[in-house]
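> Could you look at this predicted model? Sequence included:
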Amino acid sequence: MIVIDQVHKSYRTYFGRKTVLDGISFTLPPDRNLGILGRNGAGKTTLMHILSGLEFPDHGRIDRGGLRFSWPIGRGGIRSSLTGRDNLRFISRVYGIDIATVTRFVEDFSELGAYLDMPVDTYSAGMRARLAFSLSMACEFDCYLIDEGFSAGDARFTERMNALFEERRSRSNMIVVSHDMNIIRRFCHQVGVMVDGKIVLFDSFDEAIALYKTL
Amino acid sequence: MQATELRESITSMGRIVHALLLREIRVRFGQRRIGYAWAMIEPALHVGVLYLLKLVVGAFTPAHIPLVLWLASGIIPFLMFRNMVSRIATIAKGSQDVLILPPVQLSDIVIARALLEFLTSTLIFVLALALYTVLVAPLTIANPLLVAGCLALLALSGIGLGMVEAVATAFFPSTKPLVDGLLRVLYLISGVIFALPYLPPEYQAYLSWNPLLHLFENLHAALFAEYQPLAYGSSLTYAAICCLLLVVSGMALLNRYRTMVMANA
């Protein structure tokens, strides 16, 4: 069980202190996916950073239940001037995973072919997404944090991701930030809408959409 | 912290620094082979130009020490110092995509970058000395341990100054040309090329405030038994204290203003 309890985060800016997260609380069972909607600047990315451990809350509690969280996928982690394979090796080393295993998985799942040995600069947005997602799936995290970028892959890849997540349903779940409601509808069992640094949770997609549309 | 926990965090840090080091090599030398070549060509050019200058101007280094050796042994470590400062000062550049990975800390990047710079320069330094031994005359180093110590202190001072510059430029972008200018002046007044006894006597007392001078005077004395540095210009203790102050203040500043520095990419 993932428990987020009264998480607050504010930053100092030139215009004084800006509160980004103002008491975020939710619990997420390990077999359920959470989708997060919210307007630009609602604090979604900050929340993802805090969940991943990149940043710490000013106060509040985060209990990851011993699960291994991914980095916020879709927000970098891939260097464009290096080849796909160089990026793959780097991330494998950072997480201490066997490079050969990761390579086999990524070659097979990303279907990038010869592009794996080309600089990521030369990739299309969809190919980048395929590299990033394949790479993260190879790392076998318990909880995937996905910050946009999901819809960049083509239909075939989204389908494969979907199948893989279904297959891994019992051992990993995800928290997805996306403006693409189809993605959220497709993958998530629970939907949170972020407004002014707070989150409102819904078990029904339609109710969440109704609130989101009024923003 | 438990002993096992400590061991775990040290091995994980080692793993990440290793990963970053290999990646830095890829980024800096990978695509452009010229990267390696330039690391050697640049000091060679400096040595060449100053060699010519010596022929024109006359003595500014100890006469009984081979000029090429004197120049190379000062210039290569100085360029390491200069590159170290600029690599650490621009820590935000090219680090964003790495720092999105939660296991990677800013300190890991500082260590990896510094290590690469130090290893590259030390390799070139050793190569230059070896080349001289093979091509010209066998060389006996007076005090190898002191040579290593001076190089290490120089590297650490570079890291310290780089961290201070990283924070300073985040607040005042105009700091960068200031530091660049300072480095150019330091090149001339730190005993890199011109040994302290060969500088105008009326300025020697002022010049000896510069801690880098003490390092280079020690370095040259450690390499060449014939070179007798002036006592007040070659205090290793003074250089070490300044180095420590730089590193500690750099670490404290970078830790405190990390977000500002990273936003300055």
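Thanks, I have it.

> in which helix or strand would I find residue 163?
In the absence of a named chain, chain A is used. Under the criterion of DSSP states H and E, A:Ala163 resides in helix A:155-167.

> should've been chain B
Going by DSSP H and E, B:Met163 is in helix B:144-171.

> which helices and strands sit right next to that helix?
helix B:67-89, helix B:106-135, helix B:175-189, helix B:211-223, helix B:236-256, helix B:258-262 (3 or more C-beta pairs under 8 Å, 6 or more residues apart in numbering or on different chains; DSSP states H and E). C-beta: built from backbone N, CA, C; applies to glycine.

> What residues of that helix count as buried?
B:146-147, B:149-151, B:153-170 (16 or more other C-beta atoms under 10 Å in any protein chain shown).

> Give me the nearest residue to the closest residue to chain A within chain B, chain neighbours excluded.
Using C-beta to the nearest C-beta, B:Ala19 is the residue of chain B that sits closest to chain A, at 3.4 Å. Nearest residue to B:Ala19 in three dimensions, chain neighbours excluded: A:Arg93, at 3.4 Å (C-beta to C-beta, 6 or more residues apart in numbering or on different chains).

> orientation of the helix or strand that contains that neighbour relative to helix B:106-135 in degrees?
A:Arg93 belongs to helix A:84-95 when elements are defined using DSSP H and E. Angle of helix A:84-95 versus helix B:106-135, following axes from the mean of the first three to the mean of the last three C-alpha atoms, to 10 degrees, is 110 degrees.

> For helix A:84-95, output the C-alpha coordinates as PDB.
Taking C-alpha atoms only, helix A:84-95 is exported to PDB below (Å, rounded to 0.1, in the frame of the first residue of the first chain):
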ATOM      1  CA  GLY A  84      19.900   4.500 -27.400                       C
ATOM      2  CA  ARG A  85      22.400   1.800 -26.400                       C
ATOM      3  CA  ASP A  86      24.600   4.300 -24.500                       C
ATOM      4  CA  ASN A  87      21.500   5.500 -22.600                       C
ATOM      5  CA  LEU A  88      20.500   1.900 -21.900                       C
ATOM      6  CA  ARG A  89      23.900   1.000 -20.500                       C
ATOM      7  CA  PHE A  90      23.900   4.100 -18.300                       C
ATOM      8  CA  ILE A  91      20.500   3.400 -16.700                       C
ATOM      9  CA  SER A  92      21.300  -0.300 -16.300                       C
ATOM     10  CA  ARG A  93      24.500   0.700 -14.400                       C
ATOM     11  CA  VAL A  94      22.800   3.300 -12.200                       C
ATOM     12  CA  TYR A  95      20.200   0.700 -11.100                       C
END
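
> roughly how far is that helix from the heart of the chain?
How far helix A:84-95 lies from its chain's middle: 18 Å, per C-alpha atoms, centre = their mean, to the nearest Å.

> which residues touch it?
Where contact means C-beta atoms under 8 Å, 6 or more residues apart in numbering or on different chains, the residues beyond helix A:84-95 that reach it are A:77-79, A:82, A:98-99, A:102-103, A:106, A:110, A:112, A:115-118, A:120, A:123, A:131, A:135, A:138-139, B:15-16, B:18-20, B:22-23, B:26, B:30, B:101, B:103-104.

> picking that back up, now the helices and strands packed on helix B:144-171 in TSV, with mean neighbour count, mean pLDDT and distance to chain A?
As requested, the helices and strands packed on helix B:144-171 are exported to TSV (neighbours: other C-beta atoms under 10 Å in any protein chain shown; pLDDT from 0 to 100; distance: least, C-beta to the nearest C-beta, whole Å):
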stretch	mean neighbour count	mean pLDDT	distance to chain A
helix B:67-89	23	94	16
helix B:106-135	18	94	9
helix B:175-189	14	93	19
helix B:211-223	25	95	34
helix B:236-256	16	96	12
helix B:258-262	17	86	8
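
> circling back: please pick the buried ones from the contacts of helix A:84-95.
Taking 16+ other C-beta under 10 Å as the criterion, what is buried in those is A:77-79, A:82, A:102-103, A:106, A:110, A:112, A:115-116, A:120, A:123, A:131, A:135, A:138-139, B:15-16, B:19-20, B:22-23, B:26, B:30, B:101, B:104.

> Tell me how many other residues crowd the residue nearest to B:Ala19.
Using other C-beta atoms under 10 Å in any protein chain shown, A:Arg93 has 19 neighbouring residues.

> What is the one helix or strand the residue of chain B closest to chain A maps to packed up against?
Assigned by DSSP H and E, B:Ala19 belongs to helix B:3-25. Secondary-structure packing of helix B:3-25 (3+ C-beta pairs under 8 Å, 6+ apart): helix A:84-95, helix B:106-135.

> where does chain A have low pLDDT?
Scanning chain A for pLDDT under 70 picks out the ranges A:149-152.

> What residues does it have near chain B?
Selection of chain A residues close to chain B by C-beta under 8 Å from any C-beta of the partner chain yields A:11, A:52-54, A:69, A:71-72, A:75-79, A:81-82, A:86, A:89-91, A:93-96, A:119.

> ok, back up a step: any idea of the angle the next helix or strand after the helix holding A:Arg93 forms with helix A:84-95?
Moving toward the C-terminus from helix A:84-95, the next helix or strand (DSSP H and E) is helix A:99-110. In terms of direction (the same axes, to 10 degrees), helix A:99-110 departs from helix A:84-95 by 130 degrees.

> now the helices and strands packed on helix B:144-171 in a markdown table, with distance to A:Leu164?
Converted to a markdown table, the helices and strands packed on helix B:144-171 look like this (distance: least, C-beta to C-beta, whole Å):
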| stretch | distance to A:Leu164 |
| --- | --- |
| helix B:67-89 | 40 |
| helix B:106-135 | 31 |
| helix B:175-189 | 47 |
| helix B:211-223 | 57 |
| helix B:236-256 | 40 |
| helix B:258-262 | 33 |
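
> Tell me which of these approaches A:Ile62 most closely.
Taking C-beta to C-beta, helix B:258-262 is the member of the helices and strands packed on helix B:144-171 nearest to A:Ile62, at 19.7 Å.

> Report the contact partners of the residue nearest the centre of chain A.
A centroid search over chain A (C-alpha atoms, centre = their mean) returns A:Ile146, at 1.3 Å, as the residue closest to the centre. Shown in contact with A:Ile146 (C-beta under 8 Å, 6+ apart): A:Pro72, A:Ile73, A:Gly74, A:Met174, A:Ile175, A:Val176, A:Val177, A:Ser178.
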